[in-house]
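> Quick one, structure for this:
(4 chains)
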Number of protein chains: 4
Amino acid sequence: MRKIIIGVMGPGDRVTVADRQNAYQLGQLIAQQGWVLLTGGRNVGVMDEATQGARAANGLTVGILPSDDNNAISEAVDIAIITNMGDARNNINVLSSDVVIACGMGAGTASEIALALKGNKKVILLNDNEESKSFFKKLSPENVYVVNSPSEAIKIAKDILVNRQV
Amino acid sequence: MRKIIIGVMGPGDRVTVADRQNAYQLGQLIAQQGWVLLTGGRNVGVMDEATQGARAANGLTVGILPSDDNNAISEAVDIAIITNMGDARNNINVLSSDVVIACGMGAGTASEIALALKGNKKVILLNDNEESKSFFKKLSPENVYVVNSPSEAIKIAKDILVNRQV
Amino acid sequence: MRKIIIGVMGPGDRVTVADRQNAYQLGQLIAQQGWVLLTGGRNVGVMDEATQGARAANGLTVGILPSDDNNAISEAVDIAIITNMGDARNNINVLSSDVVIACGMGAGTASEIALALKGNKKVILLNDNEESKSFFKKLSPENVYVVNSPSEAIKIAKDILVNRQV
Amino acid sequence: MRKIIIGVMGPGDRVTVADRQNAYQLGQLIAQQGWVLLTGGRNVGVMDEATQGARAANGLTVGILPSDDNNAISEAVDIAIITNMGDARNNINVLSSDVVIACGMGAGTASEIALALKGNKKVILLNDNEESKSFFKKLSPENVYVVNSPSEAIKIAKDILVNRQV
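Presented below is the predicted three-dimensional model:
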């Protein structure tokens, strides 16, 4: 039976300490809910931290990889989907997620938020980039949620899942 | 830890009774080995049968969907990856599979075999289309295996996994 | 010999009158420079206006289409590239453009700007969405240019082309 | 106005002398008809020969590139579309072509033929691989044409264009 998938999107490089901690904790909390974690799958930054967190909590982890380089995959990924299509895979990341949580900010992450909104997905923002919050909140007031902690993100994700039309 | 993924590729329509039976049995046997089953994810033909077979044997099932139509997904898919990129997703199907088993034949299946060979994947053919066997065997003698039953396909898949260079 | 391609990205719906006028004028000016115009190819909004503008100035126009629906293609497109991969094609739009001009704003346009920046492309913003300017300028100060008119956009594009490393 | 695009698909390596000559001549003849030539865009094998042939006859050439490596593009490509999505771009090659001509044979070429047939495109085969002709002709009797020379391929392409439903 189809499992609930929560996507955690975030940068691979230029990641802050807070981003890393948030990502790891998001992974843990998602796994504890019994949800599948989906990330961009690489062994760096937010992707790796979230996947490691979910792994530590015995969750199931999916990585949607941009390349076919086996050495670039997070060791905590269970299901590696090899797209070999670079950043065009960002659209797959968000379309495959029941809820998208953006942790941290960068150009790739911004593209994932924007593609998610284009695909009518709900997006939860967890970062300290005020300009990103203003921009995306204005772009799609009803589909963007701004939170201040991983636990708040999970609470909103639950609400979204409860209220969605299937 | 990264799980072994076996892809079963086959047509959605114009499927023979033998194809259906083979697909279901392949799904069962793959699950019994503890491997993850990957298919094109739709609720028709070989994709659906293989996924149902794996489900019946308590396996984990991944579907790589061509569209974002929730009503076109096999009910036995656990992890639905929504590509929304039509048949271009066929390349993802094969790149994400440690071994590709082609069950039955059609234009989509032929594209998956060819893309798998282009990506240096091993492909096991299980069908009664003699022209396909002659063609693909000639195209890539070392990477194409012809079998006559699901159990033989599983045996070859095991050999491939044992001997591969990691 | 490889031609210079300038991409004009912008929304298909919720387009302002100013966006339409700017898009049409951008198309004209791009054609007058002897550059090829590239857009998302649809027969609506900024895509259509820019393409019509380039057509009116006898330019060559390329459309990178998200679907295989022949009725959704701008009539002024000369070269229709059919991706059938939805918004994942946005990455192709920007990677294929020597310079990206974003005219107007929406979720799809935001994804194109972000993907362009991820791909180390220069992006020129022409819109009245102040939050977008603040956000993207902060995200990539060296690769984002804010302009107030089509002619200013063309001037910046020329500078970028002159100074780029080939 | 939308131009007619003829795709010439063929291998980049392991190309025979006859394949090269046929590809070059196909490019010339396509350009002489006033059609746009589309290939996989790389500077090797059938792709390069066809593009050079069309260039020599003053035709317009489009290359759909698998990577973003500027050094891998045929010098005779006018319009370079950068997909950066590897062999998944093969689906774009065929969907964007009004008629597909397969010159020579290899795994990539086989995938393009199969994807073209899946997308209901007509495919003309020009090669000396008998198994490929038997296989694809059986797979889709109404959409596969077998020819023995570039000029015969052009004649069939004309017939297809005349008779198609727009």
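> residue contacts, A:Gly63?
A:38-42, A:47, A:51, A:73-74, A:77, A:79-81 (Cβ atoms under 8 Å, 6 or more residues apart in numbering or on different chains). For the C-beta atoms, the positions are set from N, CA and C on the backbone; glycine is no exception.
> Adding pLDDT, distance to D:Ile64 and secondary structure, write these out as TSV.
Putting the contacts of A:Gly63 into TSV (pLDDT from 0 to 100; distance: Cβ to Cβ, whole Å; DSSP: H, G, I helix; E, B strand; the rest coil) gives the following:
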residue	pLDDT	distance to D:Ile64	secondary structure
A:Leu38	98	29	strand
A:Thr39	98	29	strand
A:Gly40	98	25	coil
A:Gly41	98	26	coil
A:Arg42	98	26	strand
A:Met47	98	29	helix
A:Thr51	98	34	helix
A:Ile73	98	28	strand
A:Ser74	98	31	coil
A:Val77	98	31	coil
A:Ile79	98	30	strand
A:Ala80	98	27	strand
A:Ile81	98	23	strand
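> hey, what's the closest residue to A:Leu60 other than its chain neighbours bridged with?
Nearest residue to A:Leu60, sequence neighbours excluded (Cβ to Cβ, 6 or more residues apart in numbering or on different chains): A:Val36, at 4.8 Å. Bridge pairing for A:Val36 (DSSP bridges) gives the partners A:Ile5.
> What is the nearest of the contacts of A:Gly63 to chain D?
Minimum separation from chain D among those (Cβ to the nearest Cβ) is found for A:Ile81, which lies at 12.8 Å.
> Give me the neighbour count for that closest one.
Neighbour count of A:Ile81, defined by other Cβ atoms under 10 Å in any protein chain shown: 26.
> Does it touch B:Asn91 like I think?
No: the criterion here is Cβ atoms under 8 Å, and A:Ile81 misses it with B:Asn91 at 11.5 Å.
> Around chain D, pick out the residues from chain A.
Proximity of chain A to chain D (Cβ under 8 Å from any Cβ of the partner chain) is limited to residues A:Asp68, A:Thr83, A:Asn84, A:Met85, A:Gly86, A:Asp87, A:Ala88.
> Tell me if I'm right that the second one and A:Arg89 touch.
Just to be clear, that refers to A:Thr83. Yes: under the criterion of Cβ under 8 Å, A:Thr83 makes contact with A:Arg89 at 4.1 Å.
> got TSV for the contacts of A:Gly63, with distance to chain C too?
Shown next, in TSV, are those (distance: Cβ to the nearest Cβ, whole Å):
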residue	distance to chain C
A:Leu38	16
A:Thr39	16
A:Gly40	12
A:Gly41	16
A:Arg42	14
A:Met47	14
A:Thr51	21
A:Ile73	20
A:Ser74	19
A:Val77	21
A:Ile79	20
A:Ala80	19
A:Ile81	14
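> Quick one: classify the closest residue to A:Asn58 other than its chain neighbours as helix, strand or coil.
Closest residue to A:Asn58 apart from its sequence neighbours, by Cβ to Cβ, 6+ apart: A:Ala31 at 6.3 Å. Assigned by DSSP: H, G, I helix; E, B strand; the rest coil, the conformation of A:Ala31 is helix.
> the strands in chain A, which residues?
Applying DSSP state E to chain A gives strands spanning A:5-9, A:36-39, A:61-65, A:79-82, A:99-103, A:123-126, A:144-146.
> which other residues reach the fourth one?
Right, the one you point to is strand A:79-82. Where contact means Cβ under 8 Å, 6+ apart, the residues beyond strand A:79-82 that reach it are A:41, A:60-65, A:67-68, A:73, A:92, B:2-3, B:5, B:36, B:60, B:62, B:64, B:79, B:81, B:92, B:95-96.
> what does chain A have sitting close to chain B?
Going by Cβ under 8 Å from any Cβ, the residues of chain A near chain B are A:1-3, A:5, A:36, A:60, A:62, A:64, A:68, A:73, A:75-85, A:91-92, A:95-96, A:119, A:166.
> And these, which of them are buried?
Neighbour counting with 16 or more other Cβ atoms under 10 Å in any protein chain shown marks A:2, A:5, A:36, A:60, A:62, A:64, A:73, A:76-85, A:91-92, A:95-96, A:119 as buried within these.
> Just the endpoints, please. Distance across stretch A:29-42?
End-to-end distance for stretch A:29-42, by Cα to Cα, to the nearest Å: 20 Å.
> Quick check: buried residues in it?
Within stretch A:29-42, judged by 16+ other Cβ under 10 Å, the buried ones are A:Leu29, A:Ile30, A:Ala31, A:Gln33, A:Trp35, A:Val36, A:Leu37, A:Leu38, A:Thr39, A:Gly40, A:Gly41, A:Arg42.
> Can you name the two of the residues you listed that sit furthest apart?
Within the buried residues of stretch A:29-42, two members stand farthest from each other by Cβ to Cβ: A:Gln33 and A:Arg42, at 23.7 Å.
> on that earlier part again, confidence-wise, which of the residues of chain A next to chain D comes last?
Ranked by pLDDT, those bottom out at A:Asp68, which scores 95.
> residues in contact with that one?
Residues near A:Asp68 by Cβ under 8 Å, 6+ apart: A:Ile82, A:Asn84, B:Leu95, B:Gly119, D:Gly86.
> again, but for A:Leu139
Neighbour list for A:Leu139: A:Ala114, A:Leu117, C:Met105, C:Gly106, C:Ala107, C:Ala110 [criterion: Cβ under 8 Å, 6+ apart].
> Could you measure from the last one over to C:Ser97?
Read that as C:Ala110. For C:Ala110, the distance to C:Ser97 equals 16 Å [Cβ to Cβ, to the nearest Å].
> same thing with the fifth one?
From C:Ala107 across to C:Ser97, the span is 19 Å (Cβ to Cβ).
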